[in-house]
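J.: structure, please.
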Amino acid sequence: MEWNLQKFNEMDVYQLYEILKLRVDVFVVEQNCAYPELDTYDYNSLHLFACEENEIIAYCRILPPGEKYEECSIGRVIVKEKFRGTGVARQLMIKALEEAERTYQIESIQLCAQSHLKNFYSSFDFHASSDEFDEDGIPHVYMVRNKKV
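T.: Here you go, the predicted structure:
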């Protein structure tokens with residue numbers, strides 16, 4: 001498995017297409033959720049993705065502080081269906097947290113988690129910072145992780 005971290009303008013069109021296709025396939029089609037998946041946050045984000053035999057199998061974006069939230073944030077965390085349950089999601093989050101902390105020297109990281117993934121993110125020291133709410137027909141919760149001292 002090969003890991004890549006790139007700015008938006010560093011990705012080639014094939015990588016970008018495959019990432020956007022994966023995001024739409026899961027977040028729009030699989031989850032039956034019509035919403036504007038393509039947004040302007042991609043432009044200033046770092047894009048972390050894993051490839052296996054030229055196939056993108058996992059992805060997330062890391063947004064700098066002040067881009068979407070006051071804190072740095074991680075979003076669009078996704079693993080291709082046939083690779084779920086293999087530990088790739090854990091590897092993805094570990095790498096995303098390392099890159100976020102290294103790049104932005106931050107005190108905290110925020111994310112907006114689908115509620116059924118709350119325990120997964122809690123295993124990385126995230127804790128709920130909001131009550132559950134509906135976002136596009138799916139229960140979500142804001143979560144934050146403070147830097148360990």
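J.: could you list every helix and strand that the helix or strand in which residue 50 is found packs against?
T.: Of the helices and strands defined by DSSP states H and E, residue 50 is found in strand 46-52. Using 3 or more CB pairs under 8 Å, 6 or more residues apart in numbering; DSSP states H and E, the elements in contact with strand 46-52 are strand 2-7, helix 13-23, strand 55-63, helix 88-104. (Glycine included, C-beta is placed from N, CA and C.)
J.: buried sites along it?
T.: For strand 46-52, the neighbour count (16 or more other CB atoms under 10 Å) marks 46-51 as buried.
J.: can you check stretch 113-127 too?
T.: 113-114, 117-118, 121, 124, 126.
J.: also stretch 65-78?
T.: So for stretch 65-78, counting by 16+ other CB under 10 Å, buried means 65, 67-69, 71-78.
J.: how about residue 116, secondary structure?
T.: helix (DSSP: H, G, I helix; E, B strand; the rest coil).
J.: for the buried residues of strand 46-52, which one is nearest residue 8?
T.: residue 47 (6.8 Å; CB to CB).
J.: in the sheet, who's paired with that closest one?
T.: residue 6, residue 61 (DSSP bridges).
J.: now do the contacts for it.
T.: 4-8, 11, 19, 59, 61-62 (CB atoms under 8 Å, 6 or more residues apart in numbering).
J.: perfect, I'm done here.
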